Every structure is written in structure tokens, then in C-alpha cells.
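>>> Everything below, folded, please.
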Amino acid sequence: MTKHQTRIDARFAELKKEKRKALITFVTAGDPDIETSKGILVDLVKAGADIIELGMPFSDPMADGPAIQASSQRALKAGQNMIKTLEVVRDFRAHDDVTPIVLMGYYNPIYVYGNERFIQDAKAAGVDGLIVVDVPPEADDELCLPALKAGLNFIRLATPTTDEGRLPAVLRNTSGFVYYVSITGITGAAAPVVNDVHNQVKRIKGETPLPVVVGFGVRTGEQARAIGKGADGVVVGSAIVSAIEKSLGSKGQATASTRKGVTELVRELSSALRAD
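Residues are numbered from 1 along each chain as shown. As a prediction, the model looks like this:
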């Protein structure tokens, strides 16, 4: 486990006290450009996001659907890289020292940057946790354990196919929260079945004291509220990234409605989760 309480731990403790579910929002760093991306992070918090997942752009995001793949491509085309992604976090931390930020993505860009350097620089920038979808528990020595030692949460995914034999390995070195993937397949592909999700969350919570949040397929306030009734939080990514894409100009550039569209959607999601 991490050596001390992180911003993620503090946020979930606060939410528990308020009897409220977490709204976790995903956007890709540098989409559609670095300055707009920095502004969007500020907007997310103002609109009601409790935790931000910041995607590390990668050319082959295999677990992601078309919307998030396209956001990665836009960011890379605009020149986004790991140095600039950490710059986005540093910029955010200059005026927000409370909202947790989780870097999410794939191992390749971290490996290229250098594991030790990445952990050190991520921590210094103000990152709180990591979700690296293609590093299995069998490779914990590679990234997970050094990250935990540095005080970063390492968050793992559980899926509908994570059975009783596999779950203990998934949970062993997980910290911060557990991310339950509500559907099999890629991000944004389908809508989750609420009762199935609640049963799975209950099963996972029987094996860990950590908060369990649900993502993949949640697109509307109504869905977020329904899923949130049986979980500690809800993750929304593809819907937000799609809102960014729809707002862009003919050459893929940000427009006056880009940040506005994100704010409106996140406000709707936040209001729905707070309705109870």
C-alpha cells in the first residue's frame, strides 16, 4: 500500500461523510490542444467532477473505443507527449491542490519515458494515482510496487470475467479504489445492465475495503444515477470525449463551444449523482 494518505483517499473519505457518490471524469491530455486541455480540467472541477482521470495519449489504445482512440490521435497530432502531459498536471496543481488526478493509459509511453523517471516526475507534478490497463498483477515489480512506494495509488480494473480465482491477484496491491469495468469489450461500446453491475460491485466489495467505482458505457445523468446507487462512484469518459469531438471546427480545432459542451455534460452528470 502507499505510505501515506493520498488525495484520492481523502476525497473518498470526504464523500463518505457527505453520503455522496464520486463523479470521476476522463479526458485525454492535450485533446484537442494543450491549452484547451488545461482549461477543460479546471472546467471539470467547477462542473462537479470529484476525481479526474487524465488519459496519456498513445497511438494504439487497444481497450478504447473509437471516441477515446480519436481523442488520443488528436492529442498526438497536436504534439502531446509525456512531458507535456505532466505539464498539464503541474499547471492544474498551481491552482488546485485538492482534486485527485489519476493518469490512465498504457505501459508503452511510460516504458519509453523510463519507469523510475516517470514515477518521480509524476509524483513531483502532483499526480495521485495510476491506471495502466496492460500491466497485469504478475508484473507488479515492474511499475506497481515502485509507484506505491513513491506514494502513488495504483488502481486496477476488475471486469465481468474476473472470477473468484483471479480477483485476489487483482486486489492484492491495488490502492485508492477499484475500477469495475461494467461491460466486456471496448470503452463506450454499450450500456451496462444496472442490476448485474450492482451484484458484481457487491461481490468485489466483499473482498476489499476499497471504494469500488464503475465505468465503461455510462453516458447520461440518468445512467450515472442508476449505477451510482450500487457503487461508490461512476466514471464517465467516452461521452465527455465525444462532446469535445462534436464541438471542434472543420480542421479539428477547439471552438467557443468546446469547453462549454464539456461543462454542460459534467454538470448534468454531477447533478444526477447528487440528486439523492
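
>>> In this structure, mark out all the helices, start to finish.
Across the chain, reading from the start of the chain, the helices by DSSP state H fall at 7-18, 34-47, 66-77, 82-93, 107-113, 115-125, 144-149, 167-171, 194-205, 221-228, 238-247, 258-274.

>>> Let me have those helices in JSON lines, extended by mean neighbour count, mean pLDDT and distance to residue 134.
C-beta coordinates here come from the backbone N, C-alpha and C atoms, glycine included. What follows is the helices of the chain, written out as JSON lines (neighbours: other CB atoms under 10 Å; pLDDT from 0 to 100; distance: least, CB to CB, whole Å):
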{"stretch": "helix 7-18", "mean neighbour count": "16", "mean pLDDT": "97", "distance to residue 134": "21"}
{"stretch": "helix 34-47", "mean neighbour count": "20", "mean pLDDT": "98", "distance to residue 134": "23"}
{"stretch": "helix 66-77", "mean neighbour count": "21", "mean pLDDT": "94", "distance to residue 134": "14"}
{"stretch": "helix 82-93", "mean neighbour count": "19", "mean pLDDT": "98", "distance to residue 134": "16"}
{"stretch": "helix 107-113", "mean neighbour count": "17", "mean pLDDT": "97", "distance to residue 134": "5"}
{"stretch": "helix 115-125", "mean neighbour count": "16", "mean pLDDT": "98", "distance to residue 134": "14"}
{"stretch": "helix 144-149", "mean neighbour count": "19", "mean pLDDT": "98", "distance to residue 134": "13"}
{"stretch": "helix 167-171", "mean neighbour count": "16", "mean pLDDT": "97", "distance to residue 134": "14"}
{"stretch": "helix 194-205", "mean neighbour count": "16", "mean pLDDT": "94", "distance to residue 134": "21"}
{"stretch": "helix 221-228", "mean neighbour count": "21", "mean pLDDT": "95", "distance to residue 134": "25"}
{"stretch": "helix 238-247", "mean neighbour count": "21", "mean pLDDT": "96", "distance to residue 134": "19"}
{"stretch": "helix 258-274", "mean neighbour count": "19", "mean pLDDT": "96", "distance to residue 134": "27"}
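
>>> Including distance to residue 179, could those helices go into TSV?
As requested, these are exported to TSV (distance: least, CB to CB, whole Å):
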stretch	distance to residue 179
helix 7-18	12
helix 34-47	18
helix 66-77	15
helix 82-93	19
helix 107-113	16
helix 115-125	18
helix 144-149	14
helix 167-171	10
helix 194-205	10
helix 221-228	13
helix 238-247	15
helix 258-274	17
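
>>> Of all these, which one comes closest to residue 182?
Ranking the helices of the chain by proximity to residue 182 (CB to CB) places helix 194-205 first, at 4.9 Å.

>>> which other helices and strands contact the closest one?
strand 178-181, strand 212-215, helix 221-228 (3 or more CB pairs under 8 Å, 6 or more residues apart in numbering; DSSP states H and E).

>>> Ok, which of those comes nearest residue 249?
For the helices and strands packed on helix 194-205, distance to residue 249 was read as CB to CB. The smallest value, 27.6 Å, belongs to helix 221-228.

>>> Wait, residue 212 touches residue 230, no?
No: at 9.3 Å, residue 212 does not count as touching residue 230 under the criterion of CB atoms under 8 Å.

>>> Counting neighbours, go ahead and name the busier of those two.
A count of neighbours by other CB atoms under 10 Å puts residue 212 above the other of residue 212 and residue 230, at 21 against 18.

>>> and that one, what are its bridge partners?
Legend: beta-bridge partners of residue 212 under DSSP bridges are residue 178.

>>> can you pull the contacts of it?
158, 177, 178, 180, 201, 204, 205, 231, 232 (CB atoms under 8 Å, 6 or more residues apart in numbering).

>>> For the last one, give its distance to residue 33.
So the one you mean is residue 232. With distances defined as CB to CB, to the nearest Å, the gap from residue 232 to residue 33 amounts to 34 Å.

>>> Counting neighbours, go ahead and name the busier of the two.
Looking at residue 232 and residue 33 with other CB under 10 Å, you find the greater number of neighbours at residue 232, namely 22 against 19.
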